Structure formats: C-alpha cells, structure tokens
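Visitor: got a structure for you, letters missing:
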C-alpha cells in the first residue's frame, strides 16, 4: 500500500546520510526509521540500500526511488499552493490573447515565472472568436480581446489602450493620402478595421472607405505583416506592440499623423467567475509597465467606455 510517509522518511535518510539524524529530524526512533525503509522496500519489491554497518549507499533502485520521491513532494507542494487563491506568486494561470498582445505579454510572463518559480502560466495565441470560445468552455480563465463579442455568459472589462501605428517602408517619401493609396495596403486579421479607423480619423475630408485602397496581400500572422512592408510592398496599420517587437523595425518607419488612434483591449472572463489574485497582479503589472513605457505615468489617455461596450455583468 502506498504510504507517503515512507517516501518522506527515505528522502530524509538520503539527504542526512544517517539513521540517527533522520530519526531526530522526523521526531522518530531509529527502529521506526528502519521499519519505514523496510516497508518501502517491500512495497517497491526492490532493495533501496546497500548497508555497510552504520553507513549505506543507494542501489540503482534506491537512486531512482529518491529522484521520484523528490519530484513527488515538489509536485505535491506545487499543487497545494495552487489551491490558494490568495497567493500572488504561485499557482496556475490560463490566459489567451491575440498575437499583437502576446508578442510582448508572453515574454513578460516568462520573466515573471523566472522570479516566481511556483507560478505556472499556460498561454494561447488566438483570434478573438477562438479566445471567447476558450473562455466559455473553460479552456482558459482570462482572455484579452480586441473586440467585444456579446454573450450572456461573458463579462468584459476595459483593460488597456495601445496606440495604433501607420507603418510604411523606410524609404517611403510620400506625404499625402494619395501617395499612401498608391503604395497599397498589406492586410491581416484586424488590418482593415484598424486602417479604416486610422485614415478616417486623420483624413476626414478625403478618405471614404478601405475599398478605395489597393490591396497588396494578406497574412493571418500579425507578427509577419511588417516583412511585406519592409520589402516595399505596401503600408499597414498595427498596434505599437507589434512594431516594438518586430525584427523589421529598422526596415520600416511610422508615418506621422496628427490624430492618435488606439486599439482598445478588453479582459473577458466567464460571468460570476472569481479569479485568484495572481491574475489581477499579473495583468496589472504588465499594463502598468506598458503605460509607463508609452506615457511615462500610470493613467493612459482616452480610456473611456463606449456605448457599444458592456461593463462586466454583476
């Protein structure tokens, strides 16, 4: 019969190298320690120790049993801490976001895990619709989305606003909307919406719709869209997160515009779910770091609820 205490006694014996010290550390008698080891050997049906008087060495089975025991108790502690919803630095987090967010958020999380080894994060890169389904079906606890997809079982909260950038090839010299349209547009999953919003805001008298703009291609991977722009194939409009993490930063440039436009990011969870505190800290720390990088202070401009965006359900 499996008995965790036998494994605990065995680990302590190996680490102390002494039956006497093991008995003292575990508040046992030496015969009690010996009995635990015999019971464990009987359970495993393998000898664990080569005894040499008062000293011993491990058999091959003993070495394997020790490695297993250390792993067993480490996983046990990890599991125990994961049940503590108040813990800020241990337990599991399951998060999903679009690639535009994850390009910077996921490396931030990896750094977080290095600081807090008890924290485990499962991170998914996905499109808005897939993120919503993952939250609804319990495959992830928190989603970051760029669009509100209404559902009675979902709760949305405005989380962060990231500036959008109109990006052109580094050698582009155009200065007008006509020059930009002649260059053509490189599209991705959110590209049409972002570009239309950007151009409509900055060229209200000239721009009508993205139907006016020639298309130069499409990719469903936002991190790759700047490769096409760097090759001179067109312009695009992306989140600054994508621009700052792109390997093609030096081959492209941001086209200056007078009116800033932002991509609003929402946190989505199941209605009525109570998230452990570690989620709140992780999300807040990344957002605050990002705000400081962008604006130099905690409050970002223009983060306001619009009529089409529901507040979290009670």
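Guide: Sure, I can see it. Since the model is a prediction, treat every value here as computed from it, not as a measurement.
Visitor: got the contact list for the residue nearest to residue 142 when sequence neighbours are not counted?
Guide: Of all residues not flanking residue 142 in the chain, residue 95 sits nearest, at 5.1 Å (CB to CB, 6 or more residues apart in numbering). Placement of C-beta: from N, CA and C, glycine included. Contact criterion CB atoms under 8 Å, 6 or more residues apart in numbering gives 109, 121, 122, 123, 124, 140, 141, 142, 143, 144, 279 as the residues in contact with residue 95.
Visitor: take those residues and keep only those in helices.
Guide: Residues from those lying in helices, with DSSP state H as the criterion: 109, 279.
Visitor: could you list the low-pLDDT ranges of this structure?
Guide: 77-86, 297-314 (pLDDT under 70).
Visitor: what about the strands in it?
Guide: Read by DSSP state E, the chain holds these strands, from start to end of the chain: 49-52, 55-58, 91-97, 119-125, 142-145, 154-169, 185-187, 215-218, 236-239, 252-254, 262-270.
Visitor: closest to residue 205 out of those strands?
Guide: strand 154-169 (17.6 Å; CB to CB).
Visitor: contacting residues around residue 55?
Guide: When contacts are taken as CB under 8 Å, 6+ apart, residue 55 is in contact with residue 17.
Visitor: same thing but 10 Å
Guide: Counting by CB atoms under 10 Å, 6 or more residues apart in numbering, residue 55 touches 17, 18, 19, 49.
Visitor: with residue 200 instead?
Guide: Contact analysis of residue 200 by CB under 10 Å, 6+ apart lists 206, 207, 208, 209, 210, 259, 261.
Visitor: now the angle between strand 119-125 and the top helix by length along the chain, please.
Guide: As far as residue count goes, and with DSSP H defining each element, the longest helix of the chain is helix 60-82. Between the axis of helix 60-82 and that of strand 119-125 there is an angle of 80 degrees, by axes from the mean of the first three to the mean of the last three CA atoms, to 10 degrees.
Visitor: what's in contact with helix 60-82?
Guide: Applying CB under 10 Å, 6+ apart, the set of residues contacting helix 60-82 is 4, 6-15, 37, 40-41, 44-50, 56-59, 87, 89-92, 117-120, 276, 278.
Visitor: please redo it, this time with the cut-off set to 8 Å
Guide: Contacts of helix 60-82 (CB under 8 Å, 6+ apart): 4, 7-8, 10-11, 14, 40, 44, 46-49, 58, 87, 90-92, 118, 120.
Visitor: chain center to that helix, what's the gap?
Guide: Taking the mean C-alpha point of helix 60-82 and that of its whole chain, the gap between them comes to 27 Å (CA atoms, centre = their mean, to the nearest Å).
Visitor: ok, stretch 250-265 next?
Guide: With CA atoms, centre = their mean as the basis, the mean position of stretch 250-265 lies at 25 Å from the chain mean.
Visitor: over to stretch 225-244?
Guide: In terms of CA atoms, centre = their mean, the centre of stretch 225-244 is found 23 Å from the chain centre.
Visitor: repeat for stretch 265-284
Guide: 13 Å.
Visitor: how about that stretch: buried residues?
Guide: For stretch 265-284, the buried set under the neighbour-count rule, 16 or more other CB atoms under 10 Å, comprises 265, 266, 267, 268, 269, 270, 276, 278, 279, 282, 283.
Visitor: got the contact list for residue 213?
Guide: With contacts taken as CB under 8 Å, 6+ apart, residue 213 has the following neighbours: 180, 181, 184, 185, 195, 199.
Visitor: how about residue 185?
Guide: By CB under 8 Å, 6+ apart, the neighbours of residue 185 are 191, 195, 210, 213, 214, 215, 216, 234, 235, 236.
Visitor: so it versus residue 147, what's the distance?
Guide: Relative to residue 147, residue 185 is positioned 20 Å away (criterion: CB to CB, to the nearest Å).
Visitor: would you list the buried entries among the contacts of residue 185?
Guide: 191, 195, 210, 213, 216, 234, 235, 236.
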